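Undergrad: Sequence first, then the predicted structure, then my questions.
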Amino acid sequence: MWAYRIGGATSGAFQQDCDDDGETHAGARMLHLLEILAVRDVVVVVSRWFGGILLGPDRFRHINNATRGVLLLSGVLRPPEDKKKH
């Protein structure tokens, strides 16, 4: 499944789309995550294979975690600051 969000620098308009490749609603949830994180100029692809266990609604948590993780690893997002006092 994939989602992308491109543009918005000067016009404020975005080109964006998604596809869930049979994983119902997954692409739309990935795109929604990109929107709420206000990222632009990114394409995220998440691959999943069936390992014999039905994940049910938990699959969306895993897909969103993978999406957020790749945004963190690529430097598009910054890790949350540790709010603990030392």
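TA: Perfect, thanks for sending it. Residues are numbered from 1 along each chain as shown.
Undergrad: Low-confidence ranges, this protein, go.
TA: For the chain, applying pLDDT under 70 flags the ranges 82-86.
Undergrad: Grab the longest helix from it for me.
TA: Longest helix in the chain by number of residues (criterion: DSSP state H): helix 58-74.
Undergrad: buried set for that one?
TA: Of the residues in helix 58-74, 59-60, 63-64, 66-68, 71 count as buried by neighbour count, 16 or more other Cβ atoms under 10 Å. No exception for glycine: its C-beta is placed from N, CA and C like everyone else's.
Undergrad: secondary structure class for residue 4?
TA: On the three-state scheme (DSSP: H, G, I helix; E, B strand; the rest coil), residue 4 is labelled strand.
Undergrad: That one contacts residue 43, correct?
TA: Yes - judged on Cβ atoms under 8 Å, residue 4 makes contact with residue 43 at a distance of 4.1 Å.
Undergrad: So which residues of this structure form helices?
TA: Counting by DSSP H, the helices of the chain are 26-36, 58-74.
Undergrad: which of the buried residues of helix 58-74 lies closest to residue 8?
TA: Nearest to residue 8 among the buried residues of helix 58-74 is residue 71, at 16.2 Å by Cβ to Cβ.
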